[in-house]
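Novice: Just need the structure, nothing else, for what follows:
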Amino acid sequence: MAQLESIDIPLGTKMPKFILRDPDGVIQISDYAFGKKGLLIVFTCNHCPYAKAVWPRVIRLGVYAQKNGMNVLAINPNINPDYPDDSPDKMRNKIKEWGIPFPYLIDDTQKTAREFKAQCTPDIYLFDATQKLVYHGRVDDNWQDESKVTKEELKEAIEDLIAGKPITREQFPSIGCSIKWRE
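Specialist: You can find the predicted model right below:
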């Protein structure tokens, strides 16, 4: 498990375009993915301990965001024969097991992850309704133990975006397992 941080991407960067499908073949097109208030995208997977630790928080924040006019997508870039726990069939199982209430998409070419400059799982992007990046950072200040969280940076960014306030607080990189790139 190689630990990496998300890289610094300038705020205001326009979201890359993509067309991806979920494990059941349902297509998601980036142009139609936005809610009235914006879009939360999380590059994640099933097997990484960092991703697994924050999945419950991502799901809760996703539900909150959806109820407030934002759409949410999770994208799995680890479609790699060396990591069978991240296969589309295993994704389907996790969707049911964890009750994931938003699309969990397959990036089997890894093109989308590369265009986003995603580095790790989880790697989190929050875009406003004009498709510009307003937050790229961690979920909160303690990925290992939710009971020890003191700062919920992603939640605060979502709340500010919903309220139409600027997101001005310092953004700390997400940490996680490296994406399992295929050469």
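Novice: Quick check, central residue of the chain?
Specialist: Most central in the chain under C-alpha atoms, centre = their mean is residue 42, positioned 0.4 Å from the mean C-alpha point.
Novice: mean confidence for stretch 87-106?
Specialist: For stretch 87-106, mean pLDDT is 97.
Novice: Confirm that residue 75 sits in a strand.
Specialist: Yes. Membership of residue 75 in a strand is supported by DSSP: H, G, I helix; E, B strand; the rest coil.
Novice: ok, how many other residues are close to it?
Specialist: 24 (other C-beta atoms under 10 Å). In short, each C-beta sits where N, CA and C put it, glycine included.
Novice: now swap in residue 145 and tell me
Specialist: 8.
Novice: Then residue 153?
Specialist: 21.
Novice: Repeat that for residue 74.
Specialist: Neighbour tally, residue 74, other C-beta under 10 Å: 25.
Novice: Only the buried residues of the helix-or-strand element of the chain with minimal mean pLDDT, if you could.
Specialist: Every helix and strand of the chain was ranked by mean pLDDT, DSSP states H and E. The lowest is strand 3-5, at a mean of 85. By 16 or more other C-beta atoms under 10 Å, the buried positions in strand 3-5 come out as residue 4.
Novice: which regions of the protein lie under the pLDDT threshold?
Specialist: Under the criterion pLDDT under 70, the flagged ranges of the chain are 1-2.
Novice: And the helices in it?
Specialist: 49-67, 88-98, 111-116, 153-163 (DSSP state H).
Novice: Go ahead and measure how far the last one is from the middle of the chain.
Specialist: Using C-alpha atoms, centre = their mean, to the nearest Å, the mean C-alpha position of helix 153-163 is found 15 Å from that of the whole chain.
Novice: Can I get stretch 58-68 in CSV, CA atoms only?
Specialist: C-alpha atoms of stretch 58-68 as CSV (Å, rounded to 0.1, in the frame of the first residue of the first chain):
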residue,chain,number,x,y,z
VAL,A,58,-18.6,10.2,2.0
ILE,A,59,-22.0,8.4,1.8
ARG,A,60,-23.4,10.7,4.5
LEU,A,61,-22.0,13.8,2.9
GLY,A,62,-23.3,12.6,-0.5
VAL,A,63,-26.8,12.2,0.9
TYR,A,64,-26.6,15.7,2.4
ALA,A,65,-25.3,17.2,-0.8
GLN,A,66,-28.0,15.5,-2.9
LYS,A,67,-30.7,16.8,-0.6
ASN,A,68,-29.4,20.3,-1.2
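Novice: Output the helices of the chain as JSON lines; include the columns distance to residue 137.
Specialist: Putting these into JSON lines (distance: least, C-beta to C-beta, whole Å) gives the following:
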{"stretch": "helix 49-67", "distance to residue 137": "12"}
{"stretch": "helix 88-98", "distance to residue 137": "23"}
{"stretch": "helix 111-116", "distance to residue 137": "14"}
{"stretch": "helix 153-163", "distance to residue 137": "6"}
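Novice: Many thanks, I have nothing further to ask.
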